[in-house]
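# need a 3D model of the following:
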Amino acid sequence: MIDATVVGSGPNGLAAAVTLARAGLKVRLLERNDTIGGGIRSAPLTLPGFVHDICSAVHPAALASPFFRAWGLTERVPFVVPKASYAHPLDGGTAAIAYRDLDRTVDGLGRDGRAWRGLLGPLVRRIDEVTDFTGSTLVRVPPHPVTAVRYGLRALEQGGAWGAARFRDDAAPALLFGVAAHANIPLPSLAGAGAGLLLAAHGHAAGWGLPTGGTQRIADALADDLRAHGGDIETGADIGSPADLDPRP
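Have a look, this model is predicted:
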C-alpha cells in the first residue's frame with residue numbers, strides 16, 4: 001500500500017521522498033523524464049568517456065543544507081572544494097576572484113577589501129544561522145533575529161540601484177552582482193540581492209563544492225537511499241494534475 005506519492009525527482013522531490021521513507025512511509029516517486037534528477041542530472045553528451053552536467057554543476061547550497069548535512073551527503077558522494085569559489089571577468093583581461101579564504105579575497109580586492117569584509121564577514125561567521133533563515137519558511141519568528149536583521153539590511157542595501165555605493169572599484173560589485181544573477185530575475189532586485197549575498201557567503205564558508213563524477217551522483221545516492229527504505233521510483237510518468245495520479249493504493 002502506498003502511503004505517499006511524490007511528483008518530480010529533482011533534488012527537492014528526492015529529499016522529500018527520502019524523508020518520508022525514513023519516517024516509515026511507503027513512498028512512490030514519479031518522474032516525467034526517463035532519468036531521475038531534474039536539475040541534478042548528468043549524461044555523456046559529447047565524446048565517449050566524458051560526463052556532462054545538464055543543469056547544475058556546482059553546489060554551495062548542498063554543502064550547507066541542513067538536510068544534506070544530516071543525511072551525510074559528503075560521506076556518500078565525494079566532493080572537490082576548490083580554493084577559489086568563483087570569479088568574474090573584468091575589462092582589460094583581469095578577473096575578480098572570490099576565494100574560500102575571506103582574508104585572501106579581501107587582500108585581492110585592494111581598497112574595496114574592507115568594504116567586502118564588512119558586507120559579508122558577519123554573514124560568513126553566522127552562516128548556519130543565515131542558512132536556517134533563508135532555507136526555512138519566513139512565516140515564523142526567526143530563531144536568530146540579529147542575524148536575520150543583518151541579512152535583511154544587506155539585502156535591502158544591495159537590492160537597489162545604490163547597491164554598489166559602498167565600493168569604489170569594479171571588482172567587488174562584479175563579484176556580488178555576478179552571483180546575484182543566479183536568481184534569474186532582472187537586477188537590481190531585492191530577491192536577487194538576497195540570492196547573491198547567500199551564495200557569496202557560502203563561497204567563504206563551506207565553499208562551492210563539485211561532486212566528483214558529476215552531479216547525477218547526488219540524485220543516484222538519494223535514489224539508492226529511497227529504495228533501501230522501501231520506496232519505489234517510476235520514470236516516464238507525466239503528471240499534469242492530481243487527476244493524472246494512479247488511484248491504486
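
# got the buried residues for the helix or strand encompassing Val149?
With elements taken from DSSP states H and E, the one containing Val149 is helix 145-158. For helix 145-158, the buried set under the neighbour-count rule, 16 or more other CB atoms under 10 Å, comprises 147-148, 150-151, 154-155, 158. Using the backbone N, CA and C atoms, a C-beta is placed for each residue, glycine as well.

# go through the residues you listed and name the one nearest Gly194.
Ala155 (4.4 Å; CB to CB).

# I'd say that closest one and Gly192 touch.
No. Using CB atoms under 8 Å, Ala155 is not in contact with Gly192; the gap is 9.2 Å.

# which residue ranges form the strands in the chain?
4-7, 27-31, 42-43, 52-53, 79-80, 84-89, 95-99, 210-211, 232-235 (DSSP state E).

# quick one: contacts of the fifth one?
Residues outside strand 79-80 that contact it (CB atoms under 8 Å, 6 or more residues apart in numbering) are 59, 63, 209-212.

# out of these, who's nearest Asp244?
Checking the contacts of strand 79-80 against Asp244 with CB to CB, the nearest one is His59 at 31.3 Å.

# for that closest one, give me its contacts.
Contacts of His59 by CB under 8 Å, 6+ apart are 79, 208-211, 215, 218.

# what do you get if the cut-off is 10 Å, keeping everything else the same?
11, 40, 65, 68, 73, 77, 79, 202, 206-211, 215, 218 (CB atoms under 10 Å, 6 or more residues apart in numbering).

# among those, name the ones in helices.
Among the contacts of His59, the ones falling in helices (DSSP state H) are 11, 68, 73, 202, 218.

# neighbours around the last one, how many?
Applying other CB atoms under 10 Å, we find 24 residues neighbouring Ile218.

# correct me if wrong: it contacts Cys55.
No. Judged on CB atoms under 10 Å, Ile218 makes no contact with Cys55 at a distance of 11.9 Å.

# give me the common contacts of those two.
Residues touching both Ile218 and Cys55 (CB under 10 Å, 6+ apart) are 37, 40-42.

# mark out where each domain of the chain begins and ends.
4-55+216-244, 82-204 (automatic domain parsing).

# how far away is the spatially most central residue of the chain from Gly39?
A centroid search over the chain (CA atoms, centre = their mean) returns Ala61, at 3.2 Å, as the residue closest to the centre. Remark: distance between Ala61 and Gly39 (CB to CB, to the nearest Å) = 12 Å.

# need the overlap of contacts for those two.
Counting by CB under 10 Å, 6+ apart, the common neighbours of Ala61 and Gly39 are Pro11.

# dump the C-alpha coordinates for stretch 212-220 into CSV.
Taking C-alpha atoms only, stretch 212-220 is exported to CSV below (Å, rounded to 0.1, in the frame of the first residue of the first chain):
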residue,chain,number,x,y,z
THR,A,212,33.3,14.0,-8.2
GLY,A,213,31.9,12.1,-11.2
GLY,A,214,29.1,14.6,-12.0
THR,A,215,26.0,16.0,-10.3
GLN,A,216,24.0,12.8,-11.1
ARG,A,217,25.8,11.1,-8.3
ILE,A,218,23.8,13.2,-5.8
ALA,A,219,20.5,12.0,-7.4
ASP,A,220,21.6,8.4,-7.6
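
# mean pLDDT per helix and strand in this protein: which one sits at the bottom?
The weakest-scoring helix or strand in the chain, judged by mean pLDDT, DSSP states H and E, is helix 60-64 (a mean of 89).

# what residues of it count as buried?
Quick answer for helix 60-64 (16+ other CB under 10 Å): 60-64.

# and the contacts of strand 79-80, which two are furthest apart?
Leu63 and Thr212 (13.5 Å).
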